[in-house]
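Provided below for reference: sequence and predicted model.
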Amino acid sequence: MTNRFEAVIFDWAGTTVDYGCFAPVRAFQEAFKEFGIEPTMAETRKPMGMLKHDHINTMLHMNRIARAWEDEHGAAPTDADVDAVYSHFEPKLLSILDGFADPKPGVVDAVAELRAAGIKIGSTTGYTDKMMEIVVPKAAENGYAPDFWISPDGTNGFGRPYPYMVFKNLEKLGVTDVRKAAKVGDTLSDIREGKNAGVFTIGVTEGSSQMALSEDEFNALSEAEKAKARAAARDAFVNAGADAVIDTMAELPTLLAQLA
């Protein structure tokens with residue numbers, strides 16, 4: 001396989017590990033419940049891919065949640081409230097992360113195929129360094145280890161949709177031109193990050209936070225329902241500016257080869 005790409009930069013949860021991106025969802029919902037707020041699945045997932053502190057801030061300023069917070073606490077949410085929710089969120093997430101580091105189907109083989117073609121493997125995340133120190137070794141134990149990872153801690157707290165984590169990958173991996181790198185992710189924040197960095201940007205539908213289904217839930221769907229779920233995720237990625245959309249990671253090496 002020969003192609004124009006020197007590197008592929010993957011997201012983590014929902015893209016390469018943690019089918020459906022469930023670890024953060026569970027922790028966000030439990031943290032908000034401690035403050036008397038019950039976010040819906042759609043509200044919880046909408047900012048997915050952002051730095052987690054930014055994610056909580058975004059949720060707290062959603063109209064329904066902000067009103068519920070005011071009803072519950074007697075005042076509109078403040079920066080201090082964002083910090084308070086985060087202080088509950090982080091330990092919850094850290095306590096469960098090692099159980100959410102299994103590579104998604106097709107990831108290990110796709111990465112091996114890309115590496116065989118001389119393509120370097122980078123990564124960005126909405127997790128912090130502390131979270132990644134749990135996920136990275138566990139994922140490696142399970143067969144997935146990129147050449148480089150960085151969290152927003154390495155870019156002065158500027159996570160997605162800022163392009164800086166991608167730029168750090170390009171520098172570290174020695175990529176000669178932004179057009180010779182691809183970004184692959186499962187959230188709209190991933191797509192925006194890639195587009196803001198000027199790299200070829202790809203959404204992945206199955207097992208994505210955007211689709212919001214576990215592997216068992218997805219496999220239980222009829223073929224027509226699966227097609228509908230894929231199409232809905234695909235449309236969302238395209239509307240966010242994705243250059244291409246794949247359903248599974250097994251499709252990635254072929255897609256990149258076709259773009260040579």
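Great, that's in hand. Residues are numbered from 1 along each chain as shown.

hey, where'd the helices end up in this structure?
Applying DSSP state H to the chain gives helices spanning 22-33, 41-45, 52-60, 63-73, 79-96, 107-116, 129-141, 164-173, 188-197, 215-219, 223-239, 252-258.

Of the ones you listed, which stretch is the most buried?
helix 188-197 (a mean of 25; mean count of other CB atoms under 10 Å). Any C-beta I mention is one placed from the backbone N, CA and C, and that applies to glycine too.

still on that earlier bit, right, and the helices of the chain - which one's nearest residue 8?
helix 107-116 (5.9 Å; CB to CB).

Please save the CA atoms from that closest one in CSV.
What follows is helix 107-116, C-alpha atoms only, in CSV (Å, rounded to 0.1, in the frame of the first residue of the first chain):
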residue,chain,number,x,y,z
VAL,A,107,-8.2,-1.2,15.1
VAL,A,108,-5.2,-3.4,15.8
ASP,A,109,-5.1,-4.8,12.3
ALA,A,110,-5.7,-1.5,10.6
VAL,A,111,-2.8,0.1,12.6
ALA,A,112,-0.5,-2.8,11.7
GLU,A,113,-1.4,-2.3,8.0
LEU,A,114,-0.8,1.4,8.2
ARG,A,115,2.6,0.9,9.9
ALA,A,116,3.5,-1.7,7.2
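
And that helix, what does it pack against?
In terms of contacts (3 or more CB pairs under 8 Å, 6 or more residues apart in numbering; DSSP states H and E), helix 107-116 is packed against strand 120-123, helix 252-258.

pLDDT below threshold where in the stretch 1-150 of the chain?
Scanning the stretch 1-150 of the chain with the threshold set as pLDDT under 70 gives 1-3.

Need the contact partners of stretch 78-96.
23-24, 26-28, 30-32, 34-35, 52-53, 56-57, 60, 69, 73, 128, 130-131, 134 (CB atoms under 8 Å, 6 or more residues apart in numbering).

what about residue 76, neighbour count?
12 (other CB atoms under 10 Å).

Now do the phi/psi pair for it.
Backbone geometry at residue 76, expressed as degrees, to the nearest 10, gives phi -70, psi 150.

how near is the closest residue to it other than its chain neighbours to residue 160?
The shortest distance from residue 76 to any non-neighbouring residue, by CB to CB, 6 or more residues apart in numbering, is to residue 70 (5.3 Å). Distance, residue 70 to residue 160, by CB to CB, to the nearest Å: 28 Å.

same check, this time on residue 11
Using CB to CB, we find residue 11 at a distance of 9 Å from residue 160.

Specify the residue positioned farthest from the middle of the chain.
residue 74 (34.0 Å; CA atoms, centre = their mean).

Distance of that one relative to residue 36?
Taken as CB to CB, the span from residue 74 to residue 36 is 11 Å.

before we move on, the earlier item: put together TSV for the helices and strands packed on helix 107-116, with distance to residue 42 on each row.
Formatted as TSV, the helices and strands packed on helix 107-116 follow (distance: least, CB to CB, whole Å):
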stretch	distance to residue 42
strand 120-123	27
helix 252-258	28
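
Among the ones you listed, which comes closest to residue 110?
Nearest to residue 110, of those and by CB to CB, is helix 252-258 at 5.0 Å.

counting contacts, what elements does the closest one pack onto?
helix 107-116, strand 244-246.

what's next to it, contact-wise?
Taking CB under 8 Å, 6+ apart as the rule, helix 252-258 contacts 1-3, 5, 8, 110, 113-114, 117, 119, 182, 184, 202, 244, 246.

just stretch 217-230 next, same as before
Against stretch 217-230 from outside (CB under 8 Å, 6+ apart): 20, 205-207, 211, 213, 247.

Going by distance to residue 141, which of those residues wins?
Of all these, residue 141 sits closest to residue 207, with 19.8 Å by CB to CB.

The closest one is in contact with residue 16, isn't it?
No. Using CB atoms under 8 Å, residue 207 makes no contact with residue 16, being 9.7 Å away.

if I look at these two, which residues touch both of them?
residue 104.

centre of the chain versus stretch 49-60, how much separation?
13 Å (CA atoms, centre = their mean, to the nearest Å).
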